[in-house]
Each structure stands twice: as C-alpha cells, then as structure tokens.
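> Take a look and give me a structure for this.
(2 chains)
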Amino acid sequence: MEDNDLLKVRREKIAALKAAGIDLYPNDAKPQNTTAQILDEFGHMESENLAELSQKFSLAGRLMAVRSFGKAAFVKIQDRKGQMQCYLAKNVLSEQDFSLCKKLDVGDIVYVSGKLFRTKTNELTLEAQSLRLMAKSIHPLPEKWHGLTDIETRYRQRHLDLIANPAVREIFIRRSLIIKLMRQFMDRHDFLEVETPMMQPKAGGAVARPFKTHHNALDQDFYLRIAPELYLKRLVTGGLERVYEINRNFRNEGISTFHNPEFTMMEFYQSYATYEDLMSFTEELFCFIAENVFGGFTFTYQGTQIDLTPPWRRLSVRDALIQIAQMDPDDLTDPGKAIAFARKTGCDVKETDPLGKILMAVFDERVEKKLVQPTFVTHYPVAVSPLSRRSGADPDLVDRFELYISGREIANAFSELNDPADQRERFLAQLKEREAGDDEAHEMDEDYIRALEYGMPPTAGEGIGIDRLIMLLTDSASIRDVILFPLLRNKQE
RNA sequence: GGGCCGUUAGCUCAGCGGUAGAGCAGCGGACUUUUAAUCCGUUGGCCGCGGGUUCAAUCCCCGCACGGCCCA
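Have a look, this model is predicted:
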C-alpha cells in the first residue's frame, strides 16, 4: 500500500475541503458543451465577436494542467472530446470558488461555466464565472510531458493510459468506429445480428485448445467457445439464411503480439453464396471501412504501404508452395518428399500426419510472412478443413480461402459442408488425428450432424479477426494495443 | 517452453563496487494573459524480491516474480 508524502498531502487537502463544506463527489452538474465542440464552433471567431456573445458555456472534465499566478490561473480541462484551456481569475469568480481553485490538484474532475474570450496569444479560452469540484483525485497523474510509457502499467491501469496518452484514446475510438461500420455494412446486406453460446458442451467450429469451466447446478463441464460456427450454421438451417455475430472467442494458447487468449471475431453466414462470392464481399467490406477511416484504400502499417484497391491477388495453396516456398511439384503429391521438405524447413511434422497438414505446415513457415499485400489464398487441402465443402473439381481440396495482409491471417472463409454424411466422415478423420495425439483436432458432434440432416441450404461463411484488422487500421504493433484490457499474469501484492 | 532485454522517487530517466541523482509532479514563497509558464526555496527512495561473493552490492554472481521483444 502506497503511503507516501504525496498521499498525505492529498488527504490533508481533502480534510480541508470537507471542513469548508465542499462535497467531494457531487452529481448535480450537467455540462452543456464539450471541449471539441466549443473549439470547432468558435475556434475561428474574432475576439470582438466573442465578446458580444451572450451565450454561457459549461464544461466538465479532468484538470490536466494548472498554470497558476497569484490571483489568476490558466488550467487545461480534458473531456471525452479533447482539451480546452480555461481561465480562473479572482475578480471574476466568487470568493468561495476562487479559494476552491487554490486547493485543486491536477487530476481532479471539475465543472466550469462562463464565457469565451481570446488570450494575448489568441487561444480560445473559457473564462470561468463559476467553478465546482465534481470528483477529487487522490493519486498524482503521470508526468505531463512524457506521459505514461511503462507498458505494464499502461495495460494494468488502462484508465491512466487513457488519461495520459491521447493517441491511445484515439485507437479505441477508431476501434469502435470500425466495428460500427462493419455492423452498418452487414445490416445493409440484410444480415441479422445474433448471439450464440459462449459456454458450449463441446468446443467446436475451429481447431484449437479450449478453456474448460464447470456449471455447479448442472454439475457439468462446459468449454468457452473457440468459435461460434456450429451454432451460426444451426441458425442458417433454421432459416435465418444470413446471420452474423461480433463477439469473443477463447483459445487456450500462447500469448504474443498477435494472440490474446480472448479475441474478437466477426463470423457471418450467407445462404446461396459461395466462398468466391465472399471474396468480393470481403473486398467491398474492407474498402467500405477504409474509405470511412482513411478516405481511401491505402494506408501504412509499420512502415509498409498497404493497398486495398480491389481486386486482390488470388493464389492457390499449390501455387504459393511452388512459387513462394519453392517446393517441387512432386513434393506436393508424395508424402515422403513432403515430410522431407517440411523437416528441412524446420517444421515439426509427424509421419502419421496427412499430406494436407504437412503442406500447410510448410505454408505457415515459408509463405505466410511473405503475403504482405492483401491476398486470398485458396484451394486448401481437405485434411485441414473439416467443415468446408469439397471442391467440385478435386475432392482432396475444399472451397475455402484465407485472407492474408501484412503476413498475417485476417480472415478465413469457405463454402460450408452441408452434406451430413461427408461431415460425419470428416469428424471421423479428425478423431483419428486426435487418437494420433493431436489434441486440437475437432471432436465428433452428433447433435450438429443431426441438424445438418434436416437440410442446411448451400451457404458460405467467414470469420474476420477484428483485433488484427484493427491493428492494421491503427498501425498498432501489438494486439495488446487494440484490446483495452489484454490478459496479463496476476501480480501478487 | 527457450533466448535476449528491462524493473532506481508519484511519473520520465541517469548512475553500475565506496552507501542515491536530475527533470516533471508535490510542498512553502512571489506573480492577473500562461502554453512543458517563470523565479526563489524545499520534501521525497526496502535502487522488484530472496540468496551468494566482498571489508563494502543499486552495481558482480545465482534463483524467483512481473513485463517487453524474438523464437517454438
């Protein structure tokens, strides 16, 4: 417990304020303006015109700076929209308000009302006619010039980060805008937003390790979902035809600059569409967002210019392996050669692994990073796609794509497998892999197969990793910079 | 899980074998147009935690905790 001189001084101030009859935490002031709104509206008005305004303005927010003179002070107030300077003067404020002004600390929440004027240096400033304390701050804020840079403190005490670092606030405002735009786009295309279970008896719909939890009253284990897929497809079977969900998935895996154990996905399903339809749909969605965020289709991510102008490059897994990973066409069909190549490139593959899985290991190792400009990778092996529809031209491939931008997977989509017999076979193949030691392989899900047996319309579905998309569009190097409260190890006192 | 780096005042950082420094913040004083206000004075530290080496450790060594980056 922190108990230094700074806190002692604050506690003494609090006692003095209380003794003077001042409520430290009132809730009866309603600011009529915001900083940015005043600056936008009156920022260009001349001094003479400002003086003629009869209007009174009121602001509330956090005191970010105090430049105090004997009988007057300039202060900076920060609200949700930005910062604005206010002037507190002895000959304008009541005696009581001016004495309050002398007791305020940087970090306090205050309310001011008064009129606008321009200072000698021409800064639009609110001259306070009244001043109120709205919430007392006990702890000192981070330093005014360098702000808060300690990464651990920024994540553990995000409130401080948001107070001290305006750029951080901007990232989360943009995050909200992007998600709003996604909803707008989906709604315009007649998709229905739904919510499906986070707690599932089986963690299906993806290949990943789940978190386990327990329901006491039912005395039953549940898994936090690794994907909403199987539930969303039940809704399509139920006739909802076009659905989407924006929500959290949970994967019990390592943490890195691109992985948080809980992350946000938009997953959506459209009946009577194919994975090829979703490619152009994705291009349109991303362009719609970029247009609204940047006013164009290009942006810079970590020093590299990314161009979203459609159409995006389309590349089959086979071509990628030959052209980028420099595999020989024979390596792609001969499991022995494929394993040899994979091991040579440093992949940890087993003799029992299906060929498709070995090829994708090479892809992850050799190709992924090199797909910088938006690229749809297509024609995935059936072995790594237990829920995708087989390709008409080649039953060993599926109608699926993954979208790569800046060397990272951003989206995964496919024409859905709606043949219940084939689905059962795929689950059985996954069970074999599970028996061979792959604890991420998909489980058998009879209940899901039964739903398919009622007939699911032909459908294509897609998942978009929202955190990663937002990293791109905010030029953030770490996923923790776009998640308000990233998972951290508990720190014991 | 492995490698490298970090942890010193509320914040941002110096110091790296001889017992703790700066700027900002704070406190006291001056000041009614400042813009990181200025000027004078001043308080503040289990130098992440635990061992070891040494006459002496914030500094060197080992372990632990937390974090960062890279790799799996």
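
> How much space separates A:Ala340 from A:Val349?
Distance of A:Ala340 to A:Val349, computed by Cβ to Cβ, to the nearest Å: 10 Å. Bear in mind the C-beta positions are built from the backbone N, C-alpha and C, glycine included.

> In terms of neighbours, single out the busier of those two.
A:Val349 (18 against 14; other Cβ atoms under 10 Å).

> Assign the residue lying farthest from the centre of chain A to helix, strand or coil.
Going by Cα atoms, centre = their mean, the residue of chain A most distant from its centre is A:Asn91, 49.2 Å out. What DSSP: H, G, I helix; E, B strand; the rest coil gives for A:Asn91 is coil.

> Disregarding residues adjacent in the polypeptide, which is nearest to it?
Spatial nearest neighbour of A:Asn91, excluding adjacent residues (Cβ to Cβ, 6 or more residues apart in numbering): A:Lys71 at 7.4 Å.

> Assess the claim that that neighbour and A:Leu88 are in contact.
No - when contacts are counted by Cβ atoms under 8 Å, A:Lys71 is not listed as touching A:Leu88 (9.8 Å).

> between those two, which one's more packed in?
Neighbour count, other Cβ under 10 Å: between A:Lys71 and A:Leu88, A:Leu88 has more, with 27 against 10.

> Run through the residues that contact the more buried one.
A:Ala72, A:Ala73, A:Phe74, A:Val75, A:Phe98, A:Cys101, A:Val112, A:Ala128, A:Leu131 (Cβ atoms under 8 Å, 6 or more residues apart in numbering).

> give me the element it is part of.
Secondary structure from DSSP states H and E places A:Leu88 in strand A:82-89.

> I'd assumed A:Asp97 was in contact with the residue farthest from the centre of chain A.
No - counting by Cβ under 8 Å, A:Asn91 does not reach A:Asp97; the two are 11.9 Å apart.

> hang on, A:Leu59 in a strand?
Yes - per three-state DSSP, A:Leu59 lies within a strand segment.

> Could you tell me how many residues sit around it?
24.

> likewise A:Met444?
The number of residues packed near A:Met444 is 16, by other Cβ under 10 Å.

> The closest residue to A:Thr34 other than its chain neighbours and A:Asp40, how far apart?
Nearest non-adjacent residue to A:Thr34, counting by Cβ to Cβ, 6+ apart: A:Lys81, 4.3 Å away. As judged by Cβ to Cβ, A:Lys81 and A:Asp40 stand 9 Å apart.

> Of those two, which one has the most company?
A count of neighbours by other Cβ under 10 Å puts A:Lys81 above the other of A:Lys81 and A:Asp40, at 17 against 12.

> ok, the more buried one touching A:Ile38?
No - using Cβ under 8 Å, A:Lys81 is not in contact with A:Ile38, being 9.3 Å away.

> contacts for the strand or helix carrying A:Ile77?
Counting by DSSP H and E, the element that carries A:Ile77 is strand A:72-79. Outside of strand A:72-79, the residues that reach it under the criterion Cβ under 8 Å, 6+ apart are A:31, A:34-35, A:59-67, A:83-90, A:101, A:104, A:110, A:112, A:119, A:125, A:163.

> how much space between the residue nearest to A:Arg154 when sequence neighbours are not counted and A:Thr149?
Sequence neighbours aside, A:Asp161 is the residue nearest to A:Arg154 in space, at 4.1 Å (criterion: Cβ to Cβ, 6+ apart). As judged by Cβ to Cβ, A:Asp161 and A:Thr149 stand 10 Å apart.

> Looking at the two, which one has more neighbours?
With neighbours defined as other Cβ under 10 Å, A:Asp161 and A:Thr149 compare such that A:Asp161 has more, 24 against 12.

> doesn't A:Asp150 make contact with that one?
No - using Cβ under 8 Å, A:Asp161 makes no contact with A:Asp150, being 9.7 Å away.

> quick one, helices of the stretch 1-150 of chain A?
A:5-19, A:35-42, A:47-52, A:95-103 (DSSP state H, counting those that start in this stretch).

> will you turn the ones you listed into CSV that also has distance to A:Arg248?
Rendered in CSV, the data for the helices of the stretch 1-150 of chain A read as follows (distance: least, Cβ to Cβ, whole Å):
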stretch, distance to A:Arg248
helix A:5-19, 37
helix A:35-42, 31
helix A:47-52, 49
helix A:95-103, 44
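
> list the contacts for A:Leu24?
With Cβ under 8 Å, 6+ apart, A:Leu24 has these contacts: A:Ile14, A:Leu17, A:Lys18, A:Leu133, A:Ala135, A:Lys136.

> ok, now how distant is the closest residue to A:Asp105 other than its chain neighbours from A:Met360?
Leaving aside its sequence neighbours, A:Asp105 sits nearest to A:Ser137 (Cβ to Cβ, 6+ apart; 6.2 Å). Counting by Cβ to Cβ, the separation of A:Ser137 from A:Met360 is 53 Å.

> So which of the two has more stuff around it?
Shown here are A:Ser137 and A:Met360; by other Cβ under 10 Å, A:Met360 has more neighbours (23 against 17).

> you'd agree that one is in a helix?
Yes - according to three-state DSSP, A:Met360 belongs to a helix.

> Hmm, it is touching A:Val317, no?
Yes - counting by Cβ under 8 Å, A:Met360 does reach A:Val317; the two are 7.4 Å apart.

> so what's in contact with those two at the same time?
Applying Cβ under 8 Å, 6+ apart, one finds that A:Met360 and A:Val317 are jointly contacted by A:Tyr380, A:Pro381.

> How about the contacts made by A:Arg118?
Residues in contact with A:Arg118, defined by Cβ under 8 Å, 6+ apart, are A:Ser47, A:Leu50, A:Leu124, A:Thr125.

> With A:Tyr155 instead?
Residues in contact with A:Tyr155, defined by Cβ under 8 Å, 6+ apart, are A:Asp161, A:Arg480, A:Phe485, A:Pro486, A:Leu488.

> ok, which of the residues you listed also contact RNA strand B?
A:Arg480, A:Pro486, A:Leu488 (Cβ under 7 Å from any atom of the strand).

> Filter those residues down to the buried ones, ChimeraX style.
In ChimeraX, a selection of the buried entries from those looks like this (16 or more other Cβ atoms under 10 Å):
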select /A:480,486
